[in-house]
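# the following comprises the amino acid sequence and a computationally predicted model.
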Amino acid sequence: MRISSAFHNIRLRSKMLMIYFLSVLIPVVLTNVIFYNITTNNVKNQKLKDLSLAIEQMRNEFMYQIDAVVGISSVLYNDSIMNDYLDQRYVDSSDYVLNYHSYITDMLEKYAPVYRAIQNITIYTNNDTIIYGGYVSPISQISPDAEWYKRLISSGTANPILVRNNLSITDPGISIVRRMSSSAGQNNFEKIIKIDLDPGLIKQVLSNVTVEGSVYLLEGDNVQYSSGKKYSAESADNDGIVFDEGFANKEYLMNWHLVGKFQEREVLVEVRKSREFVIYMALPNILVPTLIIVWFTRSLNQRLFRILKQMKRVKNHSFELIDNEETNDEIGQLTTEFNRMTMQIKSLIHDVYMADIQKKELELSRNQSQLHALQSQINPHFLFNSLETIRMRSLMKSEEETAKIIHHMAKIFRKSLSWGRDMVTVRDELDLVESFLQIQKYRFGDKLDYSIEVDPDVATEKIPKMTLQPLVENSSIHGIEPLKNAGFITISVRKSPGGLLCVVSDNGVGMTEEKRNELLQNLYSTEEEIGESIGIRNVYLRLKMFYGEHATFDLESSKGSGTSIRIEIRSL
């Protein structure tokens, strides 16, 4: 029962919004979020699987090329005729030349055209009876510091070894090296076969990937080839997506492995595309029901609000009828009945009460007219003439200071009682302020001093009359007068980036933060009772009346440090 009562207290528009959110927006959003998560996960998993297959394909292709070259090295290793020719000590060099051209070159040259992975085959030997050249070179030509040579010597085996033969990680210079066997009964010279792989083919094999990423060929932790940015083992597990494929089933590739690193943002391009697709699908599901509900609820809400608004006007004696389109739904019937009721109330009020109200209004108007007539009998010129007579008398008695003060007082009366103009120039307004301050200085003597600073460019600008004088008066009375020491008032009018800036500040007693907040609250209040802040309130209201939001009013003050009022009028 309590829930039902609370629900009845909710406004109709809020109820419609609740129905929209609970029945349309939230279910549609949740459905699309779930669909989006399932779709993106499927796309991501498929993309990762494709990348894993691509890396595995590169590993198999690289291993196939290496296996082919290792097989050729095994054929040459077990070729007894070639070993006999290389181990034979020649007395006549022509015998070696005959053997070289008749067999050795034929054996070495027949592999390169067939196997594209082979770039060059070289046999190194220390048999000094043969003529070096072509495919055969002396071992002394190998630098003892060559990394691949030191690895071959330290291995102590005739098994093939995979080594890098250059220092560039962007050019896969890889070779297969191994010792050759010795023929029985021969001189057993040292022989090394070195087969260089084609860098272009290897690079092509290791670059066959369909997404942006980097591929690395490593031996242990040493990078032998890189197709992308510099590889670091520390970031391999933290930077993007990493795939690592080894060659554990091959002895000569036991320590080698292929690593693929891919930026996640590149890998998930398809995921982002699927997200956009889901969004495009979700928008019609949200927008179409939303537009229909907005159109439907707006029709109900506007018509009900129109009835409610007119009912509130009735209490202010506004009996206008609601335009009814003669609709047959409940709201249309309610509008028709309201119009009928309004006409009956209007007729009753006119018949019974309006005559008495008009009589009282006539009496009130007559009394006000009599009051205005009485007030108009007081001629302001009488005051001006009287003050002028007193001033002249003071001058005749050489009381120049008194005459000066009376002159300022007359000027203030004249300007404050001249109702013909609402806007005055900055120069005229400051002239009025100057007269007021002269009178105050006459009263307080050395206790009060002031400074007026005005930009010549703004002297002719128009501002509402009595904009600055009430602020200066407020500073004098409430700020300086309670002071025990001398006080100072500064009036500044200058250009600002947006228009005109007026600042009235003093070093008076100031006010507490609580008092400042109360004063500002009174300024912004719509109530008639405004207390002691009538002058500042009047200035604030007239600024808002003339300039609206183009005028800003700010008051800063602290206890014992004075008060500063800042008015900025921006160009309209």
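On my side now, so go ahead. Residues are numbered from 1 along each chain as shown.

# parallel or antiparallel, list what pairs with the helix or strand containing G260.
Using DSSP states H and E, G260 sits within strand 256-262. Sheet pairing for strand 256-262, assigned by DSSP bridges, gives strand 214-219 (antiparallel), strand 241-246 (antiparallel).

# mind putting those strands in a markdown table, mean neighbour count included?
All C-beta spots, glycine's among them, are computed from the backbone N, C-alpha and C. Below are the strands paired with strand 256-262 laid out as a markdown table (neighbours: other CB atoms under 10 Å):
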| stretch | mean neighbour count |
| --- | --- |
| strand 214-219 | 21 |
| strand 241-246 | 17 |
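
# want to throw the ones you listed into CSV with distance to D198 and mean pLDDT?
Listed next are the strands paired with strand 256-262 as CSV, based on distance: least, CB to CB, whole Å; pLDDT from 0 to 100:
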stretch, distance to D198, mean pLDDT
strand 214-219, 15, 81
strand 241-246, 22, 82
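
# let me have those in CSV, extended by distance to H550.
Shown next, in CSV, are the strands paired with strand 256-262 (distance: least, CB to CB, whole Å):
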stretch, distance to H550
strand 214-219, 60
strand 241-246, 58
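
# if I look at the residue lying closest to G220 once chain neighbours are set aside, how far off is N222?
Using CB to CB, 6 or more residues apart in numbering and skipping the chain neighbours, the partner closest in space to G220 is N255 (5.3 Å). Separation of N255 from N222 (CB to CB, to the nearest Å): 9 Å.

# so for the two, which residue has more residues nearby?
N255 (15 against 11; other CB atoms under 10 Å).

# doesn't D221 make contact with that one?
No. With contact defined as CB atoms under 8 Å, N255 does not reach D221; the gap is 9.9 Å.

# quick one: contacts for I491?
L430, V433, Y450, S451, I452, E453, L468, V472, C502, V503, V504 (CB atoms under 8 Å, 6 or more residues apart in numbering).

# do that again at 6 Å, thanks
Applying CB atoms under 6 Å, 6 or more residues apart in numbering to I491 gives the contacts I452, V504.

# could I get the phi/psi values of it?
phi -120, psi 120 (degrees, to the nearest 10).

# who does it form a beta bridge with?
I452, V504.

# separation between it and N249?
With CB to CB as the criterion, I491 and N249 are 95 Å apart.

# just to revisit the earlier point, for E56, find the nearest of the strands paired with strand 256-262.
Nearest of those to E56, taken as CB to CB: strand 241-246 at 5.9 Å.

# who's in contact with the closest one?
52, 55-56, 59, 236, 257-262, 264, 267.

# at 7 Å what do you get?
If you take CB atoms under 7 Å, 6 or more residues apart in numbering as the criterion, strand 241-246 is touched by 48, 51-52, 55-56, 59, 236, 257-262, 264, 267.

# can I assume R164 is in contact with G173?
Yes. Shown here, R164 and G173 form a contact pair, counting by CB atoms under 7 Å, at 6.0 Å.

# in the strand holding G260, what counts as buried?
For strand 256-262, a neighbour-count test (16 or more other CB atoms under 10 Å) marks W256, H257, L258, V259, G260, K261, F262 as buried.

# before we move on, what's the pLDDT of the fifth one?
The confidence metric pLDDT takes the value 81 at G260.

# ok, the first one next?
pLDDT, W256: 83.

# and the strands in the stretch 151-300 of the chain, which stretches?
Taking DSSP state E, counting those that start in this stretch, the strands of the stretch 151-300 of the chain run over residues 161-164, 174-179, 191-197, 214-219, 222-226, 241-246, 256-262.

# between those strands, which one is nearest to Y124?
strand 191-197 (4.3 Å).

# name the helices or strands packed onto that closest one?
helix 26-77, strand 118-125, strand 174-179 (3 or more CB pairs under 7 Å, 6 or more residues apart in numbering; DSSP states H and E).

# just these: most buried one?
Of these, the one with the most neighbours on average (mean count of other CB atoms under 10 Å) is strand 174-179, at a mean of 22.

# report the angle between that strand and strand 222-226.
Here strand 174-179 points in a direction 130 degrees away from that of strand 222-226 (axes from the mean of the first three to the mean of the last three CA atoms, to 10 degrees).

# pull up the pairing partners for strand 174-179, direction included.
Assessed with DSSP bridges, strand 174-179 is paired to strand 161-164 (antiparallel), strand 191-197 (antiparallel).

# for D323, the count of nearby residues, please.
Residues near D323, counting by other CB under 10 Å: 8.

# how far away is it from Y36?
48 Å.

# just the pLDDT at G479, thanks.
86.

# quick one: residues contacting the residue nearest to it when sequence neighbours are not counted.
Leaving out its chain neighbours, the residue that sits closest to G479 by CB to CB, 6+ apart is G508, at 2.6 Å. Contact partners of G508, counting by CB under 7 Å, 6+ apart, are S475, G479, I480, L483, G487, G562, T563.
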